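Chemist: Here's my sequence, what's the structure:
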Amino acid sequence: MEMTALKVRVKDTLIELVKGDITDLNVECIVNAANSHLRLGGGVAGAIRRRGGPSIQKECNEIIAKRGRVPVGEAAITGGGNLKARYVIHAVGPVHGEGDEDNKLRRATVNSLKLADEHKIRSIAFPAISTGYFGLPKDRCARNMLNATLEYVRKGTGIEHIIFCLYDEETYRIFEETLKGIT
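Modeler: Residues are numbered from 1 along each chain as shown. Model prediction:
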């Protein structure tokens, strides 16, 4: 069950925070918190794999076969398989402690938004990238992802609706406080 509590309009884009399961959202695209090998393991990726079916991992494997690994801060796009979303953007976030995490997370966010614009995607949902298994503190994630998104949107985008879908109450509150503080 998703709960919407905070919406902010920046230019022609609605930025919204919701609490819930990203795979349940009615959006054109969801973002996967990916690893460099695009293996759909646990967390958000596991939920995408279970709900979206094997075609998403198959497409990820084809990307890796062509490109090799996807560097931290970069993103790749696949179809959405059996998900409600038509696309999945696989954003490779940093592992806490590897160095330069803030910049890498901002790049992963912006590169996801650029891919969405390139594919004329109008609605996209992000999870809190790198806060699960990769261990990035949630406040750093919120600050970097939200600031990168606001900067991107202020420069102009075709994306009409950007959702940050946060799985638990604690993460939701941290994102809510951060967004209120920077808008």
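Chemist: quick one, helices of this structure?
Modeler: 43-52, 54-67, 101-118, 138-154, 169-182 (DSSP state H).
Chemist: I'd like these laid out as TSV, including distance to residue 130, mean pLDDT and mean neighbour count.
Modeler: C-beta here means a position set from N, CA and C on the backbone, and glycine is covered the same way. What follows is the helices of the chain, written out as TSV (distance: least, CB to CB, whole Å; pLDDT from 0 to 100; neighbours: other CB atoms under 10 Å):
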stretch	distance to residue 130	mean pLDDT	mean neighbour count
helix 43-52	10	94	20
helix 54-67	18	97	15
helix 101-118	6	98	21
helix 138-154	6	98	20
helix 169-182	12	96	17
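Chemist: Dig out what the residue nearest the centre of the chain forms beta bridges with.
Modeler: The structure's the chain has its C-alpha centroid closest to residue 126; by CA atoms, centre = their mean the separation is 3.0 Å. With DSSP bridges applied, residue 126 shows beta-bridge pairing to residue 164.
Chemist: from memory it sits against residue 145, does it?
Modeler: Yes - using CB atoms under 8 Å, residue 126 is in contact with residue 145, at 6.6 Å.
Chemist: Now do the shared contacts for those two.
Modeler: In terms of CB atoms under 8 Å, 6 or more residues apart in numbering, residue 126 and residue 145 are both contacted by the residues 109, 164.
Chemist: number of nearby residues for the closest residue to residue 87 other than its chain neighbours?
Modeler: Leaving out its chain neighbours, the residue that sits closest to residue 87 by CB to CB, 6 or more residues apart in numbering is residue 29, at 4.1 Å. Residue 29 sits with 24 neighbouring residues when counted by other CB atoms under 10 Å.
Chemist: my guess is residue 29 contacts residue 83, does it?
Modeler: No - with contacts counted by CB under 8 Å, residue 29 stays clear of residue 83, the gap being 9.7 Å.
Chemist: re earlier: and the residue nearest to residue 87, what does it touch?
Modeler: 77, 80, 85-89, 116, 119, 121, 123-125.
Chemist: Just the ones of these in strands?
Modeler: 77, 87, 88, 89, 123, 124, 125 (DSSP state E).
Chemist: So for the fifth one, what's the pLDDT?
Modeler: With respect to pLDDT, residue 123 has a value of 98.
Chemist: residues near it, how many?
Modeler: Applying other CB under 10 Å, I find that residue 123 has 20 neighbouring residues.
Chemist: What of the third one?
Modeler: When counting by other CB under 10 Å, one arrives at 27 neighbours for residue 88.
Chemist: One more: residue 11?
Modeler: If you count neighbours by other CB under 10 Å, residue 11 ends up with 9.
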